[in-house]
Each structure stands twice: as C-alpha cells, then as structure tokens.
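1. Mind looking at a prediction? Sequence and model below.
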Amino acid sequence: MTMDELRTASFIRSLEPPESPVLEEIREEAEKNGVPIVRLETGALLSFFTGLLKPGKILEIGTAVGYSGTLMLLKAPENCTLTTIENYEPRIPVARENFQKAGVADRVTLYTEDATDVLKKLDGPYDMIFLDAAKAQYIVWLPELLRLLPPGGVLIADNVLQEGDILEPRAAIRRRDRTIHKRMRAFLYEIKHRDDLDTAVLPLGDGVTVSVRK
C-alpha cells in the first residue's frame, strides 16, 4: 500500500463503531496468533450486506477461527443458518469454540473436508456466499458456487487484489505465485463478463468483489 492508501484505510477503520465484545475477543486472539481474518472495513461490508439481504442461508468458504461467520450470523435474522468450510485442522476446534462462545453454534454446520469435495455435495440455494479461502481455487470453485446461488443471491469474494500483485504483469510475479496470479485474473475476468452476474470490484481492504446473480 502507498502512504495515502494506508492513511485512507486507517481513517475508514477509525470510523467503525466498537465491535461486540465477542467479536472483539475473537479478533484480538486471531491477530495475536497470526490468523488471517477479514479486515475491519471488509467486515463492515459483510455486515452491511447481511443486514440488507436478511439471508436465510449463508455459505462461507474459509472459516478460519469463525470471526466472519460469527459476524454475519450476529447481523442476520435469528433463523439464518451458516454452512462453513475449513480443512486446516488447527483452526477447526478454535472456530467451534468461538461459535459456541458467541451463542450461534446451533446455527452452524462446519465441514472439515476439502472445499472442492464439499461444494459438490451441497444442495443450496444460499442467499449469500462469502469466499475467503485458497485464492487459486476461486476460479475452480466458481461453477459450483453459481450452482448454489439463486437469482438475487450475492457472492462476495475477499483478497482479490493480492496486496497489489494482481496489477503486475506475469513476468514481475515470483514464480511460486504465478499460478495464483493467473487464476485470480481469470476469476476476475469471468465474474465481470458473465451475463448472469452483475459484479463490482472494490478496492476495499485487499480487494473485494460483490456479485449479484441476475
């Protein structure tokens, strides 16, 4: 980020009201342990769309320690359920504990297998889908996500700008990151050019896309 971008992000975060005690506790523990969770401004966007859509069913790919899932459920109607997927073993018991602590555990179905396998067996539809997992898989998962997303449903994807790497030509990207770079560009092009989606790419946090199924 440039200095101006950092100042802008810091200002936006300063406008956010205090989080609920349980979300603040989850965030502090995650940051202390180096667990990547959504940035405050991205969380505000998730909260906004959850309140706007009032979803009955939410799908999340990338539970981490349960922060974003809890955030959405606390904003959603009381009968809303969350299906969430996380296969990184150390984070799974922490996520379960955090859902319990937040009082939303009875509304959560947590799958601990690979998302590629889980998505194929889900029925849906899901009013809202939040994608925040392995970036190289976004384009791979897209057909299943669209199968699960009804007309009027919203797909939100996080970290699509890859700390600015997405702007660079392939030759400027480290060899080990080139597959992610190529696939994320393919994902962005696809969701911007599909006739069945209206998509906005937002320079919020590390880049967020919001797609509405027509």
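-> Yep, it's here. Numbering: from 1, shown residues only.
2. Could you pull out the strands in the protein for me?
-> For the chain, the strands defined by DSSP state E cover 57-61, 81-85, 108-111, 128-131, 154-158, 197-202, 208-213.
3. Now that we have those strands, can you turn them into CSV and tack on distance to Gly69, mean pLDDT and mean neighbour count?
-> Yep, even glycine has a C-beta here, placed from its N, CA and C like the rest. Putting the strands of the chain into CSV (distance: least, Cβ to Cβ, whole Å; pLDDT from 0 to 100; neighbours: other Cβ atoms under 10 Å) gives the following:
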stretch, distance to Gly69, mean pLDDT, mean neighbour count
strand 57-61, 5, 98, 25
strand 81-85, 5, 98, 22
strand 108-111, 7, 98, 18
strand 128-131, 8, 98, 26
strand 154-158, 13, 98, 23
strand 197-202, 21, 97, 15
strand 208-213, 17, 98, 20
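4. between those, which gets nearest to Glu25?
-> strand 108-111 (17.6 Å; Cβ to Cβ).
5. who does the closest one pair up with?
-> Paired neighbours of strand 108-111 in the sheet (DSSP bridges): strand 81-85 (parallel).
6. How far does the partner strand sit from its chain's centre?
-> Chain-centre distance of strand 81-85: 12 Å, with Cα atoms, centre = their mean, to the nearest Å.
7. Start from the N-terminal end of the protein and give the helices.
-> Secondary structure of the chain (DSSP state H): helices at 3-15, 21-32, 40-53, 67-75, 92-101, 115-121, 138-148, 178-193.
8. what's in contact with the first one?
-> Going back to what we said before, that points to helix 3-15. Residues from elsewhere that reach helix 3-15 (Cβ atoms under 8 Å, 6 or more residues apart in numbering): 1, 39-41, 205.
9. If we use 6 Å, what do you get?
-> With contacts defined as Cβ atoms under 6 Å, 6 or more residues apart in numbering, helix 3-15 is touched by 40-41.
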